[in-house]
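Visitor: Could you work out the structure for the sequence below:
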Amino acid sequence: LVEPPEVVGSRVAVVKRSTKETSVEVRVNLDGTGQCVANSPVGFLNHMLDQIASHGLFDIYVNAQGDTWIDDHHTVEDIALAFGGAFSKALGDRKGIQRFGEFSAPLDEALTHVVLDLSGRAHLSCDLTIPS
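Guide: A predicted model of the protein is given here:
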């Protein structure tokens, strides 16, 4: 496991989360360069975290273990909760940023549309069909 470099700044945050099912640590640097170290047992999630970092120019470090022998959902859920918490902490008082925005991008055969509201209210809506 590669440890993240120590970063000192006002828009950096760390969140650790431990439950019966998982152990998660997430570090976010909002003023980073797009670097990602994602160490979880869920390969596709590691890839998506890397994409968030590279396209958003955030530095993200994730170290997570979970009960993936049952399924991935506890690990994915706890990484998401920790990532959202770290992102919110790193934003601080949110002064000087736009409250919301949206972006669309064609990525290979998929059109991605993201709408963000950084007001601090928690909500996720995800509507996708993945053919298997």
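Visitor: close enough to count as contact, Phe58 and Ala13?
Guide: No. The pair Phe58 and Ala13 does not pass the contact test of C-beta atoms under 8 Å, sitting 11.0 Å apart. Where C-beta positions appear, they are placed from N, C-alpha and C, glycine not excepted.
Visitor: who has more neighbours, the two?
Guide: Neighbour comparison, Phe58 and Ala13: the larger count goes to Phe58, with 22 against 19 (by other C-beta atoms under 10 Å).
Visitor: got the contact list for the more buried one?
Guide: Val28, Asn29, Leu30, Gly32, Gly34, Ile52 (C-beta atoms under 8 Å, 6 or more residues apart in numbering).
Visitor: how many other residues sit next to the spatially closest residue to the first one that is not a sequence neighbour?
Guide: Spatially, and ignoring its direct neighbours in sequence, Val28 is nearest to Ala86 (4.2 Å; C-beta to C-beta, 6 or more residues apart in numbering). Counted by other C-beta under 10 Å, the residues lying close to Ala86 total 26.
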